[in-house]
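> A structural model of the following input is requested.
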Amino acid sequence: MALIQHFIAGAEAGDAQRTGDVFNPATGEVQHRVIMASEADAHAAIAAAKAALPTWRATSLTKRADVLFRLRHLLAERKDELAAIITSEHGKVLSDAAGEVSRGLENVEYAAGLIEHLKGDYSEQISTGVDVHSVKQPVGVVGCITPFNFPVMVPLWMLASAIACGNTVVLKPSEKDPSAAVFLAKLFAEAGLPDGVLNVLHGDKVAVDALLDSPDVAAISFVGSTPIAKSIYERAAANGKRVQALGGAKNHMVVMGDADMDAAADAAVSAAYGSAGERCMAVSVLVAVGDAGDALVPAIQKRIDELVIGDGTDAASGMGPLVTAAHRERVLSYVKGAADEGAIVVVDGSQKQFDSDGFFLGATLLDDVPLNSKTYCDEIFGPVLAVVRVDTLEMAIELINDNPYGNGVAIFTRDGGAAREFEFRIEVGMVGVNVPIPVPVGSFSFGGWKNSLFGDSHIYGPESFHFYTRSKVVTSRWPRASSEPAGSKVELAFPGNH
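So this is what the prediction gives:
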C-alpha cells in the first residue's frame, strides 16, 4: 500500500506518525495512506517556499513564461494518466476527469501570457521633470487550500497565476484524493520550476492552521464550503493576510415554458448528476416556470432511468460513486427525509441497488420541494435535484435573489427579452443562458456573490493577477547633468507644481 508523502523543496518528505486512509470510492477499499502533516512538516514547507522566494521573484518574466509553456505541453501529454489518478481517488468517470484537466489547462494557458498581464503603467512629465510609473510585484508566499471535488482543476486555478506572478506556494490539497497534487508538483518540476517554489503539504486542520497563522504566509486562496470559507477568511484576515475564500452554492436552473424541453432535460441531468453532484457549480434546484414542470419532470425521470451508475473507469458509466462512505450517508439523509418535509419523491436514489461495496448512490429527483425544507436550503453536494414550481419569471428571480448563496445560475428560454431581464436583475456571480454550468473560460474570472465568496477577489483570469500581486507606484525626478549652468532653477517634485 503506497504512502503518499509531502513534496517539499523538490523532494518527497514527511513524518508518518499520523496517516489517513485514501479510498477507491468504486470499491470501498483503502488503496493508499497519506501522511497528515505535523506542525514541523508545515513549518518545513513554509520555510522552503520562503527560501525559494527571492530567486523566483527575481526570475525574468520570459523564463517564468517558459516554465508555464512547458507545463502546458506536459499536462496535455499526460492528461490520460492524470485523469486516471483523479478517477481512482475521487470516483468521477474518466470523461469528467479528463474534462477537469482540460479546464485546468485553460488557466495555465492564460497565465503563460504573464508578460502582458504584469505590465505596469507609465506617465511622463506629470510635473516638470517628474515621471510616474507603476509595477506589479508578487505578494510573497501563498497558501492554497483546495477541495476534494476538483483535485487538479482548482489547484491549477490558483497555482498557474500565483507562480506566474513570482510568488512561491504551499498547496494543501484535500486528504481524500491527494495523489493528483503531488503529480502536478512533479510536472511543474519537470517543466523547470525551481525547487521550493511549489510545495505540497498534506493533512487536516494542523496544516491549515499553520498556513493561516504563519507570519511568513502573505496570502491565502481557498475553495470549499461556506462555513469553512467564512472561518478561513476571518482568521487569515485577522492575521493580516490577503484572502480569497470561495464558499458553497445552491445553484438554480430556471426553465421557462418556451424552452426546448429536451435540451433543458439533458442539461438538468448532466448538471445535477454529473460527478455525482459533487461540483460547486452543480445544479441542485430546478425552477420550473408556469407549466414547464409538467413536461420537464417526466423527461428528467426518463433520463434518470437510462443513467448508468458504476465504476468511473467503465466507459459505460455516466455517473460514479461519491467520494467517501461518510459523505454518502450525509447525502442519503436528505433523500430519506425529503418526503417528511413535504417533497414529492419522483425518483428515490436510495432504492437503487449496486453489486459493489463502493460509495454508490442512485440519482434522486424531488418535485414541489418546500422552500423552508433542508433539501432546498442546504448545500447537499450529491446527486439530488429539487424541483420548485413558480408562476412567473418575476417569482423565479425573487426566489433566487432571496437565497443566501450567489454562485451560479442558469436560464433556459427562447425569449431574448426574458433572458436579458434575468441576466440584468439576478444577484449571482456567474450566469448561463441556455448553458447549465456557466464556468467562465480561462480569460475571465470565476466567483460568486453573497455567501459564495468571502473577500473581494474572484479566482483565476484577470482578477487573479491582481490578487497575487501588489502595486507599487514610483515617482522619480533625476537631477540635471552637471553641465547645467550654476544657479539654474530646480523645481520641487510635488503634485501641482506645474
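> ok, the spatially most central residue of the chain - contacts?
Nearest residue to the geometric centre of the chain (C-alpha atoms, centre = their mean): Val154, 4.2 Å. Val154 sits next to 104, 146-147, 223 when contact means C-beta atoms under 8 Å, 6 or more residues apart in numbering. Glycine gets a C-beta too; all of them are placed from N, C-alpha and C.
> OK, contacts around the closest residue to Gly28 other than its chain neighbours?
By the measure of C-beta to C-beta, 6 or more residues apart in numbering, the closest residue to Gly28 outside its immediate chain neighbours is Asp357, 3.9 Å from it. Contacts for Asp357 were tallied using C-beta under 8 Å, 6+ apart; they are 27-29.
> How about Met319?
Neighbouring residues of Met319 by C-beta under 8 Å, 6+ apart: 93, 273-276, 307-309, 363, 383.
> tally of neighbours for the nearest residue to it once chain neighbours are set aside?
In space, and not counting its chain neighbours, Met319 is closest to Ile309: 4.7 Å by C-beta to C-beta, 6+ apart. Around Ile309 there are 21 other residues, counting by other C-beta atoms under 10 Å.
> Next one, pLDDT for Ile309 please.
Model confidence at Ile309, given as pLDDT, is 98.
> cool, and His327?
So His327 comes in at 97 (pLDDT).
> Isn't it up against Gly382?
Yes. At 7.4 Å, His327 counts as touching Gly382 under the criterion of C-beta atoms under 8 Å.
> With neighbour numbers in mind, choose between these two.
Between His327 and Gly382, Gly382 has the larger neighbour count (other C-beta under 10 Å), namely 25 against 20.
> is it true that the more buried one touches Leu322?
Yes. In this structure Gly382 lies within contact range of Leu322 using C-beta under 8 Å: 6.3 Å.
> And the strands in the stretch 151-300 of the chain?
In the stretch 151-300 of the chain, the segments counted as strands under DSSP state E, counting those that start in this stretch are 168-172, 198-200, 217-223, 242-246, 251-255, 283-289.
> what's the domain layout of the chain?
Taking automatic domain parsing as the reference, the chain has its domains at 2-247+452-474, 251-433.
> Let me know how buried Glu81 is, in neighbour terms.
10.
> Repeat that for Asp21.
Neighbours of Asp21 (other C-beta under 10 Å): 14.
> Also Ala272?
Per other C-beta under 10 Å, the neighbour tally for Ala272 reads 27.
> give me the beta-bridge partners of Val142?
Beta-bridge pairing of Val142 under DSSP bridges involves Val169, Ala219.
> and it, what is it in contact with?
Contact analysis of Val142 by C-beta under 8 Å, 6+ apart lists 158, 162, 167-170, 217-221, 468.
> one step back: any idea how far the residue nearest to the centre of the chain lies from Thr375?
Distance, Val154 to Thr375, by C-beta to C-beta, to the nearest Å: 26 Å.
> and what of Ser317?
From Ser317 to Thr375 the distance is 26 Å (C-beta to C-beta).
> what do you get for Ala47?
As judged by C-beta to C-beta, Ala47 and Thr375 stand 47 Å apart.
> Which one's more surrounded, these two?
Neighbour comparison, Ala47 and Thr375: the larger count goes to Thr375, with 22 against 18 (by other C-beta under 10 Å).
> List the residues that contact that one.
By C-beta under 8 Å, 6+ apart, the neighbours of Thr375 are 334, 337-338, 341, 343, 366, 369, 384, 386.
> which element is it on?
Using DSSP states H and E, the element containing Thr375 is helix 374-377.
> where along the stretch 1-150 of the chain do the strands fall?
Using DSSP E, counting those that start in this stretch, strands in the stretch 1-150 of the chain cover 2-4, 6-8, 11-13, 19-24, 29-35, 122-127, 130-138, 141-145.
> I'd like the ones you listed as a markdown table, with distance to Ile115 and mean pLDDT appended.
A markdown table is the format used below for the strands of the stretch 1-150 of the chain (distance: least, C-beta to C-beta, whole Å; pLDDT from 0 to 100):
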| stretch | distance to Ile115 | mean pLDDT |
| --- | --- | --- |
| strand 2-4 | 36 | 95 |
| strand 6-8 | 28 | 98 |
| strand 11-13 | 31 | 96 |
| strand 19-24 | 39 | 98 |
| strand 29-35 | 38 | 97 |
| strand 122-127 | 16 | 95 |
| strand 130-138 | 12 | 97 |
| strand 141-145 | 20 | 98 |
